[in-house]
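Colleague: Any chance you can model this:
(one chain, ligands or ions: 1)
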Amino acid sequence: MRIAVYPGSFDPVTNGHLDIIRRAAKLYDRVVVGVLNNASKSPVFTAQERKEMIDSQTKDIENVSCDIFSGLLVDFAKQQKASVIIKGLRTVADFEYEFQMALLNKALDPEFETVFMMTDSKFSYISSSMVKEVAKYHGELDGLVPAEIIDKIRTKF
Ligand code: PNS
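Modeller: Take a look at the predicted model:
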């Protein structure tokens, strides 16, 4: 059984994240989306709200589940019996940061492989931070996040 963990803040989950989740689910027997519960990042959504948004958007994908974690990613991955950490890449800037994290995770636990998946070009400019920025100024969120999530974001801003 090949289990992959897809970690992130997902504050909130975007169409880009969901595309990576759907594609990863085709490559692995099970994909566990790991929502980081990190108070120091002052997220807009609670970890539970972020998990619920992911759960509702992935309920049709049988081999995907979502869990909240805190602490080290490698500990969460081990707990989930995963062998792979999935990361999405949009830009070269993403790569530099992600490369460093992959090396650090490898140093922390050499058991895990980090697998990078390229974003679909139509999602390459979307990030949770950009979504929040647009929402803050009441801009159009269509196409950036699923419709049900737009409503939830509107209630926060
Ligand atoms: O969506 P994000 O905020 O870019 O995700 C970052 C995340 C959650 C993948 C990263 O911060 C993480 O793995 N945090 C857990 C703590 C940890 O393991 N740190 C060492 C590796 S960077």
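Colleague: and the chain, which of its residues are near the ligand?
Modeller: If contacts are counted using CB under 6 Å from any ligand atom, the residues of the chain sitting beside the ligand are 7, 8, 9, 36, 72, 73, 101, 104, 105. (C-beta placed from N, C-alpha, C; glycine too.)
Colleague: what do you get if the cut-off is 5 Å, keeping everything else the same?
Modeller: Residues of the chain found near the ligand (CB under 5 Å from any ligand atom) are 7, 8, 9, 36, 72, 73, 101, 104.
Colleague: Among those, which ones are in helices?
Modeller: 73, 101, 104 (DSSP state H).
Colleague: excluding its backbone neighbours, what's nearest the first one?
Modeller: If I follow you right, that is residue 73. residue 7 (5.2 Å; CB to CB, 6 or more residues apart in numbering).
Colleague: Quick check: that neighbour vs residue 151, distance?
Modeller: Counting by CB to CB, to the nearest Å, the separation of residue 7 from residue 151 is 26 Å.
Colleague: Those two: which is more packed in?
Modeller: When neighbours are counted by other CB atoms under 10 Å, residue 7 comes out ahead of the other of residue 7 and residue 151, with 19 against 10.
Colleague: Surely that one touches residue 85?
Modeller: Yes. Proximity of residue 7 to residue 85 meets the contact threshold set by CB atoms under 8 Å, at 6.8 Å.
Colleague: All set, thanks.
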